[in-house]
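A.B. asks: Next input, structure requested:
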Amino acid sequence: MLGAIVGDIVGSIYEFENIKTTEFPLFSPSCSFTDDTVLTVALAESLLTGEPYGEVMKAYYRRYPDAGYGGMFIRWAESAESRPYQSWGNGAAMRISPVGYVAATLEEALALAKECTAITHDHPEAIKGGQAVAAAVFLCRRGIGREELREYVSREFGYDLSRTCDQIRPAYRFDISCQGTVPQALTAFLESSDFERAIRLAVSLGGDTDTLACITGGMAGAFYGGVPKPIAEQARSYLDPPLLAVVDEFARRYPPLAVCRT
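C.D. replies: Predicted coordinates:
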């Protein structure tokens, strides 16, 4: 889960000033966590405590009202009702990585991802995006290879993962849809050689960089057995004590797996 948070923080300053290069300072004083981190940690707390995710999300929204939520989510969070609003937005995929840690089987990961996503994002494209990312995180933690993962996601979710980052980058623009974010995040991860490279590739594509890098970071953290210590320590410095408490408890309960990869 910390990998997703790192991606959010690193990408936070490039969302409206895309840089289209992998050469940039990983952190700066202007970086911050956004709604991506808030709702990811909210999901982690829900999974740890068993409290309904919808209620936890609303509580986190009240605690962090200025984190950069979308307008439809704000209306949902401030409403007395909790009906989903047919969103196909990439928010479904950016907050889902904790599911890949908690689920005991791939089938459970898919079912839990659908359940947690549909609370707000009940459009089929959002469900698909949430399930694809949760499944990828689950499989990465269990040692799947890059090409095997590419084949699985392409087959099961219909995403085109044939283009490279270099092919995507020139024309890629801001896109808040799952279908316009999840394949790009997967591609950045699949081309990476280590965790930091995955984040840099994701940010270099442009677009909705905090969410794109958040999704990529969630998969990369699972694949590479966690976040490198220097990067983790820098990312933690942007979080307040309540967020850190949940991050630390989740990591204690569901630690990264040291996967041996050739």
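
A.B. asks: avg pLDDT for the host helix or strand of Arg155?
C.D. replies: Secondary-structure element containing Arg155, defined by DSSP states H and E: helix 146-157. The predicted model gives helix 146-157 an average pLDDT of 97.

A.B. asks: And stretch 7-15, by the same measure?
C.D. replies: Across stretch 7-15, pLDDT averages out at 96.

A.B. asks: and Cys116, how many neighbours does it have?
C.D. replies: Counted with other Cβ atoms under 10 Å, residues neighbouring Cys116 total 23. Where C-beta positions appear, they are placed from N, C-alpha and C, glycine not excepted.

A.B. asks: what about Gly68, distance to Glu147?
C.D. replies: Spatial separation of Gly68 from Glu147 under the definition Cβ to Cβ, to the nearest Å is 35 Å.

A.B. asks: Neighbour count: the two, which is higher?
C.D. replies: More crowded of Gly68 and Glu147, by other Cβ under 10 Å: Gly68, with 14 against 9.

A.B. asks: what about Leu257, neighbour count?
C.D. replies: When neighbours are counted by other Cβ under 10 Å, Leu257 registers 14.

A.B. asks: so what's it closest to, chain neighbours aside?
C.D. replies: With Cβ to Cβ, 6 or more residues apart in numbering as the criterion, Leu257 has its nearest non-adjacent residue at 5.1 Å, and that residue is Arg141.

A.B. asks: Tell me, what's the model's pLDDT at that neighbour?
C.D. replies: What the model reports for Arg141 is a pLDDT of 95.

A.B. asks: right, and it touches Tyr101 too?
C.D. replies: Yes: using Cβ atoms under 8 Å, Arg141 makes contact with Tyr101 at a distance of 6.9 Å.

A.B. asks: Overlap in contacts, those two.
C.D. replies: Common contact partners of Arg141 and Tyr101 (Cβ atoms under 8 Å, 6 or more residues apart in numbering): Ala222.

A.B. asks: Give me the more crowded residue out of the two.
C.D. replies: A count of neighbours by other Cβ under 10 Å puts Tyr101 above the other of Arg141 and Tyr101, at 24 against 21.

A.B. asks: residue contacts, that one?
C.D. replies: Contacts for Tyr101 were tallied using Cβ under 8 Å, 6+ apart; they are 1, 137-138, 141, 222, 250, 254.

A.B. asks: part of a strand, is it?
C.D. replies: No: when the secondary structure is assigned by DSSP: H, G, I helix; E, B strand; the rest coil, Tyr101 falls in helix instead of a strand.

A.B. asks: The spatially closest residue to Leu43 that is not a sequence neighbour: which element?
C.D. replies: Using Cβ to Cβ, 6+ apart and skipping the chain neighbours, the partner closest in space to Leu43 is Pro98 (5.0 Å). For Pro98, the element it lies in under DSSP H and E is helix 97-102.

A.B. asks: So for that helix, mean pLDDT?
C.D. replies: If you average the pLDDT values across helix 97-102, you get 98.

A.B. asks: element containing the residue of the chain positioned farthest from its centre, please.
C.D. replies: Here the centre of the chain is the reference, and by Cα atoms, centre = their mean the most remote residue is Ala80, at 27.3 Å. Using DSSP H and E, Ala80 maps to neither a helix nor a strand.
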